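A.B. asks: Sequence plus predicted model, see below.
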Amino acid sequence: MQQALIGVIGGSGLYHMEALQNATEHILDTPFGKPSDVIVTGIVHDVPIAFLARHGRGHRLIPSEIPYRANIHAMKQLGVRYLISMSAVGSLREEMKPLDMVLPDQFIDLTRRRVNTFFGDGAVAHVSMAQPVCANVVDALARAFNEVNLTQSVKLHRGGTYVCIEGPQFSTQAESHWYRSMGASVIGMSNMPEAKLAREAQIAYATLAMVTDFDCWHPREAHVTAEMAIGNLMKNARRAQQIAAAAIQIIGNERPPSIAHAALASALVTQPNEMTPESFDRLSKVISAAS
Ligand SMILES: CSC[C@H]1O[C@H](OP(=O)(O)O)[C@H](O)[C@@H]1O
Ligand SMILES: Nc1ncnc2[nH]cnc12
């Protein structure tokens, strides 16, 4: 099968990758079920990539229904070593305004009904999530942002904590204030367990978060609605596409090292020869070194 170096997962409003050439659609299956939709492979700036619409084209999946394990497994099957996640987020900070972009460096996982690991059923691993995103992929996204945003019409915030809620309902005001008091900077519903699973699969992950609203804590701003979030995301979609393409070029040229690439070196408790044949078969792609 065609291989890809970089994966891109497009979130709300981002259901295809504009710069993709030689696009080929793949209907993949994995030991963890089917991904959200077809995976489209192709070339961006001479770099082989794979694109997946997280909610499916046509936005058919609520965040709790997204087959996170299948999505990451499918990327791994395609040989992906770096994963760029694109997401709409609400802002929990005055200085992070709608249309700004954020490169989160931490997550708080408040999801409640999602399978969050490839392990279990006879195979144990505990990966570190202390630094949940790859600093080098973040760096590539920041440099790409500066290349694209030459007029400086949009602001980039480097660092910030993304709190992931179960959804699909937006938060209550009490919750929104609580997340602020936890120190969270932005809020979304989809980056967990995606980031955890990418780490288990030893894929370097980072998120380009696009601020679409002030959630519902702000005394003077309107409370978030889906219409508002998608509307503001669409205003930024072209810029987001350009940033992703520029980041792909940087990562493709530099192929930076990542702590994620060796995440299982100190994490695997059950040695492969101690796993049952079924567990080993199910996990063989996940635990394999990146190709
Ligand atoms: C349509 S607003 C809520 C929706 O947007 C975000 O999705 P994604 O991260 O895939 O861009 C948020 O997590 C919710 O799923
Ligand atoms: N306020 C918000 N809460 C959760 N997810 C979001 N995605 C975009 N805005 C959001």
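C.D. replies: The structure has been received and is ready for your questions. Ligands and ions are numbered 1, 2, ... in the order given.
A.B. asks: Mind naming the longest helix for the chain?
C.D. replies: The helix that spans the most residues within the chain, counting by DSSP state H, is helix 226-254.
A.B. asks: contacts for the next helix or strand along the chain from that helix?
C.D. replies: Per DSSP states H and E, helix 226-254 leads on to helix 277-287 as the next helix or strand towards the C-terminus. Residues lying outside helix 277-287 but in contact with it, judged by C-beta atoms under 8 Å, 6 or more residues apart in numbering, are 31, 73, 76-77, 118-119, 121-123, 125, 200-201, 264, 268, 270, 272, 275. For glycine as for every other residue, the C-beta is placed from the backbone atoms N, C-alpha and C.
A.B. asks: same thing but 6 Å
C.D. replies: Applying C-beta atoms under 6 Å, 6 or more residues apart in numbering, the contact partners of helix 277-287 are 31, 76-77, 118, 121-123, 201, 264, 272.
A.B. asks: Do a quick rundown of the helices in this protein.
C.D. replies: With DSSP H applied, the chain shows helices at 68-77, 135-148, 173-182, 194-200, 226-254, 277-287, listed in chain order.
A.B. asks: what is the mean pLDDT for the longest one?
C.D. replies: It refers to helix 226-254. Confidence for helix 226-254, expressed as mean pLDDT, is 96.
A.B. asks: and stretch 1-8, how far apart are its ends?
C.D. replies: Criterion C-alpha to C-alpha, to the nearest Å; first-to-last residue distance in stretch 1-8 is 18 Å.
A.B. asks: ok, and for that stretch, which residues are buried?
C.D. replies: For stretch 1-8, burial by neighbour count (16 or more other C-beta atoms under 10 Å) applies to 4-8.
A.B. asks: just stretch 222-239 next, same as before
C.D. replies: Of the residues in stretch 222-239, those buried under the neighbour-count criterion (16+ other C-beta under 10 Å) are 223-224, 228-229, 232-233, 236-237, 239.
A.B. asks: Grab the nearest non-local neighbour of Val89.
C.D. replies: Using C-beta to C-beta, 6 or more residues apart in numbering and skipping the chain neighbours, the partner closest in space to Val89 is Val186 (4.0 Å).
A.B. asks: Distance of His45 relative to Asn236?
C.D. replies: Distance of His45 to Asn236, computed by C-beta to C-beta, to the nearest Å: 21 Å.
A.B. asks: residues in contact with Phe170?
C.D. replies: Val224.
A.B. asks: make that Val211, sorry
C.D. replies: Going by C-beta under 6 Å, 6+ apart, Val211 touches 89, 91, 96, 98, 100.
A.B. asks: Alright, calling it a day.
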